[in-house]
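A.B. asks: Need a 3D model of the sequence below.
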Amino acid sequence: MSVEPLQAAGSVAYGQLVPVTVHFDDLDALGMLHNARYPLLVERAWAEYWHGFGFGFDGDWAAAGDMCNVIKEMKVSYERPVTRAGRYAAHLWVERLGRTGLTYGFRLCSADGTETHARGHRVLVRVDPQTFRPTPWSDRARAIAADLLRPADAQEAGADAA
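C.D. replies: Residues are numbered from 1 along each chain as shown. Purely as a prediction, here's the structure:
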């Protein structure tokens with residue numbers, strides 16, 4: 001199974017819109033998407049994105065390759081509540097691609113990418129499965145990630161939405 005990017009009017013200028021679904025049971029007692037679900041939806045979108053290129057994890061760290069990585073930092077800013085189940089999108093991009101580290105940016109947004117509900121970034125470090133010390137990304141993963149690099153002069157999508 002590969003992820004199909006959303007084809008929508010007003011598509012994003014950089015990165016990728018990946019469809020996500022908010023289910024009724026993702027909502028809290030106030031009828032809003034629970035705060036812990038925002039990063040979970042983004043994580044699932046990233047997993048689908050990489051899975052579409054043949055990357056995955058089946059429980060074998062030694063065979064995981066680039067999927068053997070750890071989170072160093074994560075920040076989420078909640079901007080507008082999601083108040084109903086349905087189709088949304090995760091706008092994904094790469095902010096920085098280092099030798100062993102990768103910083104990606106994200107927005108949880110409307111399916112067409114025009115309305116931002118949350119935004120943030122996450123820093124990953126690829127690690128050796130035996131030592132858990134940083135190790136370089138493969139050339140293939142670097143090439144895929146490079147396609148998602150946000151141009152230096154690009155303003156973050158939806159930055160004016162509040």
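
A.B. asks: Please enumerate the strands of the protein.
C.D. replies: 16-22, 69-78, 86-97, 101-110, 116-126 (DSSP state E).

A.B. asks: Make CSV out of the ones you listed and add mean pLDDT.
C.D. replies: Shown next, in CSV, are the strands of the chain (pLDDT from 0 to 100):
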stretch, mean pLDDT
strand 16-22, 96
strand 69-78, 96
strand 86-97, 97
strand 101-110, 97
strand 116-126, 98
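
A.B. asks: By residue count, what's the longest helix in this structure?
C.D. replies: Secondary structure of the chain per DSSP state H: the longest helix is helix 37-51.

A.B. asks: Tabulate the CA atom coordinates of that helix in CSV.
C.D. replies: Below are the C-alpha coordinates for helix 37-51, written out as CSV (Å, rounded to 0.1, in the frame of the first residue of the first chain):
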residue,chain,number,x,y,z
ARG,A,37,-4.0,12.7,18.9
TYR,A,38,-2.5,15.6,16.9
PRO,A,39,1.1,14.3,17.0
LEU,A,40,-0.3,10.7,16.6
LEU,A,41,-2.0,11.6,13.3
VAL,A,42,1.1,13.3,12.0
GLU,A,43,3.2,10.3,13.0
ARG,A,44,0.9,8.0,11.1
ALA,A,45,1.0,10.3,8.1
TRP,A,46,4.8,10.2,8.1
ALA,A,47,4.8,6.4,8.5
GLU,A,48,2.4,6.1,5.5
TYR,A,49,4.6,8.5,3.5
TRP,A,50,7.8,6.5,4.1
HIS,A,51,6.0,3.2,3.7
